[in-house]
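# Need the 3D shape of this:
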Amino acid sequence: MTGPVLVTGAAGYIGRLLRAGLPERGHAVRSLDVVPITDPRPGEEHLVADATDLAAVTAAAQGAGALVHMAGIATESSWAAISHANIQGTYVALEAARLAGVPRVVLASSNHATGMSPRSENAQTDAQPRPDTYYGVSKVTMEALGSLYVDRYGLDVVCLRIGSALPEPMAPRHLSTWLSPTDTVGLVDAALTAPSPGFAVVWGVSANTRGWWDLTSARALGYDPVDDAESYAAAITAAHGEPTPGTVEFDRVGGEYAGPDFAVDAVAARAQQA
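All right, here's what the predicted structure looks like:
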């Protein structure tokens, strides 16, 4: 790969991890976010632009070797907000890559694309989409758009179906779904360097002892996770108890997102914060 990696959403949690970690793995980074980067790294390019602005993102993608799309709303919100930030934003990322001649795009999908599925039936990444929220719908659409751009335009597109990307596990569910900071960088690096992946959808989790999801497809890209949430298990279960079968948090892929009131409550909460 020649040229820097353009990272959208570079000021967000995962964006910050990539800005710090990808250069250590040999990737130059060009950062893009709607807010200024306040802690630029040596040699890092940083641009202020809206990730839903096709002209701006196409200009930012010129000369890039790959585009990693992390921009968007990372939880449930209104349909208007989700469709603009997440669906329009994904289209812009892919179309900007096509127009700028960027051969590879890595997309931040989510387990919520299949969140209504019973987790015991959803270990593989080729299961039928069953989104749990408007947010989950946006991730199903993200994967579909990625597939289209592979088949129609010949891009390589890797969709990372991320579990719980956090500094450390905080709840019993995370003992199965955690993606550590180190493994976040390792997963994106694998998606950037795998030879000719075509279209791939892979689970984005660490090597958790209690993991629910099959990492075969991710490992085939070269992903070699090093962390395990089990090292936090004693403290988490002492504080919260063991995960409880028969609850939506345990039985559904999307956890609480799959609950009957989550979507309404989450949208209302975001409206109050606006």
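
# and residue 120, how far is that from residue 156?
Shown here: residue 120 relative to residue 156, a distance of 32 Å by CB to CB, to the nearest Å. Heads up, the C-betas are built off the backbone N, CA and C, glycines and all.

# ah, wrong one, I meant residue 174
With CB to CB as the criterion, residue 174 and residue 156 are 31 Å apart.

# swap in residue 128?
Taking CB to CB, one finds residue 128 at 24 Å from residue 156.

# What of residue 196?
Residue 196 sits 7 Å away from residue 156, going by CB to CB.

# Who has more neighbours out of the two?
Using other CB atoms under 10 Å, the more surrounded residue of residue 196 and residue 156 is residue 156, with 23 against 7.

# who are the neighbours in contact with the nearest residue to that one once chain neighbours are set aside?
Nearest residue to residue 156 in three dimensions, chain neighbours excluded: residue 104, at 4.3 Å (CB to CB, 6 or more residues apart in numbering). Contact analysis of residue 104 by CB atoms under 8 Å, 6 or more residues apart in numbering lists 1, 65-67, 97, 155-158, 192, 197.

# ok, now residue 71?
8-9, 12, 32-34, 51, 85, 89, 93.

# per-residue confidence at it?
Residue 71 is assigned 98 on the pLDDT scale.

# That one: helix or strand, and which one exactly?
Of the helices and strands defined by DSSP states H and E, none includes residue 71.

# do residue 263 as well
Assigned by DSSP H and E, residue 263 belongs to helix 262-273.

# same check, this time on residue 19
Element membership for residue 19, per DSSP H and E: helix 13-21.

# need the helix or strand of the chain with the lowest average pLDDT.
Ranking every helix and strand in the chain by mean pLDDT, DSSP states H and E puts helix 262-273 at the bottom, with a mean of 69.

# check contacts around residue 48.
Residues in contact with residue 48, defined by CB under 8 Å, 6+ apart, are 32-36.

# quick one: which of those is most hemmed in?
Busiest of the contacts of residue 48 [other CB under 10 Å] is residue 32, holding 27 neighbours.

# Got the phi and psi for that residue?
phi -140, psi 130 (degrees, to the nearest 10).

# Tell me the bridge partners for it.
Counting by DSSP bridges, residue 32 is bridged to residue 8, residue 47.

# Leaving out chain neighbours, which residue sits closest to residue 123?
Using CB to CB, 6+ apart, the closest residue to residue 123 is residue 214 (4.5 Å).

# I figured that neighbour hits residue 126, correct?
No - here residue 214 lies out of contact with residue 126, judged by CB atoms under 8 Å, at a distance of 10.1 Å.

# Which residue of those two possesses the greater neighbour count?
residue 214 (15 against 6).

# Rebuild the contacts of residue 104 as JSON lines, extending it with distance to residue 17, secondary structure and pLDDT.
As requested, the contacts of residue 104 are exported to JSON lines (distance: CB to CB, whole Å; DSSP: H, G, I helix; E, B strand; the rest coil; pLDDT from 0 to 100):
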{"residue": "1", "distance to residue 17": "19", "secondary structure": "coil", "pLDDT": "71"}
{"residue": "65", "distance to residue 17": "19", "secondary structure": "coil", "pLDDT": "98"}
{"residue": "66", "distance to residue 17": "16", "secondary structure": "strand", "pLDDT": "98"}
{"residue": "67", "distance to residue 17": "17", "secondary structure": "strand", "pLDDT": "98"}
{"residue": "97", "distance to residue 17": "22", "secondary structure": "helix", "pLDDT": "98"}
{"residue": "155", "distance to residue 17": "24", "secondary structure": "coil", "pLDDT": "98"}
{"residue": "156", "distance to residue 17": "22", "secondary structure": "strand", "pLDDT": "98"}
{"residue": "157", "distance to residue 17": "21", "secondary structure": "strand", "pLDDT": "98"}
{"residue": "158", "distance to residue 17": "17", "secondary structure": "strand", "pLDDT": "98"}
{"residue": "192", "distance to residue 17": "14", "secondary structure": "helix", "pLDDT": "98"}
{"residue": "197", "distance to residue 17": "21", "secondary structure": "coil", "pLDDT": "98"}
